[in-house]
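Trainee: Attaching a predicted model along with its sequence, questions to come.
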Amino acid sequence: MLAVIPVREGVLPLGGLETIAECGGRALLIGSDTSAAADLCAGIATEICVIETASFAPGTWALASAPHLANEPRIVLPASPDGRDLAPRIAATLQRSLWAGALSVTPHRIELARNGGLVVNDIAPNHSFVATLQPGVRGIEQSAQAATTAVPVTTLAFGNGSPSTSDAHVLEVLPPDVATMDLSESPRILGGGAGLRSAEAFAQLASVASHLDASMGATRVITDRGWIGHERQIGTTGVVVDPQLYIAFGISGAVQHTSGLGQPEHIISVNLDPHCPMMQLADLAIVSDANDVLAQLLIKLDANV
């Protein structure tokens, strides 16, 4: 398998390293300042090809990379915004099936998340396919080969594509709205569980999250109650996340929830039970009623506006 990673100004997209790891370290980087991006793949990649080009143009990129991908039967991209835009164009150019939203990809088996993560389908793909891998699902394991040997980097020629190529044009790049952005892409998340006693408490949680430029999530018991939509459900049966900061209010830490947290750099947990699993995972554990802490926190934040 080969990972195709769109690069902007030397920055790898969300899930880029995971996709390279899923493909055994083989990667094609396409975009701007790909040499800097190649350096970021150390310890993961075993073989890198780069196509240096200008600003993001998925239609042109798909045509330019087609000659280099024609003999690669299995192509995987990260399900980042750019990856989701580029993947169907590559699939159409190569006339292959596209399997989007995969939880895992192997040459003979693909796990696909469907119905907002409530259903996982196993499929046996054709010999040749294009797939996108969900960020935060696989994790990253350093390759022994990549760790001990220099990674060979090959620069490939860039084709300009046809003048009639229909392509995307970037009008403006706006910062994400933390209230609506995909939880899998959020760097900071505030989660609420059964310890929050009412829908009003989740309205307070949303307000606190807004003050902190964070997204709001919840456990399955809360989404089943209808207090929050299922697209905000964190866990193996919901959205798998991997934030830098996760603050859990009234979440005990059932395995279905904690298995979907990825590897946050910092975890803060507020709970009355000091021995629950979430408190054991936390870098900072606050033994208190999550409802009271949330209310007082909102008062302090509102006062500082």
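Mentor: In hand now; what should we look at?
Trainee: CA atoms for contacts and neighbours, from now on please.
Mentor: Will do.
Trainee: Strands of the stretch 201-305 of the chain, residue ranges please.
Mentor: 215-218, 245-249, 266-271, 284-287 (DSSP state E, counting those that start in this stretch).
Trainee: Report all helices and strands that the helix or strand harbouring A92 contacts.
Mentor: Using DSSP states H and E, A92 maps to helix 81-94. Applying 3 or more C-alpha pairs under 8 Å, 6 or more residues apart in numbering; DSSP states H and E, one finds that helix 81-94 contacts strand 2-7, helix 58-69, strand 74-78, strand 97-106, strand 129-133.
Trainee: Let me see the backbone angles for D289.
Mentor: Backbone torsions for D289, taken as degrees, to the nearest 10, come to phi -70, psi 120.
Trainee: What values do phi and psi take at P264?
Mentor: phi -60, psi 140.
Trainee: ok, V50 - contacts?
Mentor: Residues near V50 by C-alpha atoms under 8 Å, 6 or more residues apart in numbering: 28-30, 34-35, 153-156.
Trainee: hang on, the earlier thing: any chance of the helices and strands packed on helix 81-94 in TSV, with mean pLDDT too?
Mentor: Formatted as TSV, the helices and strands packed on helix 81-94 follow (pLDDT from 0 to 100):
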stretch	mean pLDDT
strand 2-7	96
helix 58-69	90
strand 74-78	96
strand 97-106	93
strand 129-133	96
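Trainee: Looking at these, which is nearest to L272?
Mentor: When those are ranked by proximity to L272, the top entry is strand 97-106, at 34.4 Å, counting by C-alpha to C-alpha.
Trainee: immediately after the closest one, which helix or strand?
Mentor: strand 109-114.
Trainee: Would you mind splitting the chain into its domains for me?
Mentor: 2-155, 183-303 (automatic domain parsing).
Trainee: JSON lines for the ones you listed, including distance to P175?
Mentor: Listed next are the domains of the chain as JSON lines, based on distance: least, C-alpha to C-alpha, whole Å:
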{"stretch": "domain 2-155", "distance to P175": "13"}
{"stretch": "domain 183-303", "distance to P175": "11"}
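Trainee: Pick out the shakiest of these, pLDDT-wise.
Mentor: The minimum mean pLDDT among the domains of the chain belongs to domain 2-155 (a mean of 88).
Trainee: Let's see which of the contacts of V50 end up in strands.
Mentor: Among the contacts of V50, the ones falling in strands (DSSP state E) are 28-30, 153-155.
Trainee: Looking at these, which one is closest to E52?
Mentor: Out of those, the member with the shortest distance to E52 (by C-alpha to C-alpha) is I30, at 6.0 Å.
Trainee: The closest one bridge partners, please.
Mentor: The bridge-partner assignment for I30, based on DSSP bridges, gives P6, I51.
Trainee: Distance check, it against V130.
Mentor: 16 Å (C-alpha to C-alpha, to the nearest Å).
Trainee: D242 too?
Mentor: Distance, D242 to V130, using C-alpha to C-alpha: 24 Å.
Trainee: for G238, same thing?
Mentor: 24 Å.
Trainee: who has more neighbours, these two?
Mentor: Legend: neighbour count by other C-alpha atoms under 10 Å for G238 and V130, higher for V130 (28 against 24).
Trainee: thinking again about what came up before, hmm, which of the ones in strands among the contacts of V50 are the buried ones?
Mentor: Neighbour-count burial (16 or more other C-alpha atoms under 10 Å) is assigned, among those, to 28-30, 153.
Trainee: farthest-separated two in the residues you listed?
Mentor: I30 and V153 (12.6 Å).
Trainee: just checking, H266 touches D283?
Mentor: Yes: here H266 reaches D283: they are 6.2 Å apart, a contact under C-alpha atoms under 8 Å.
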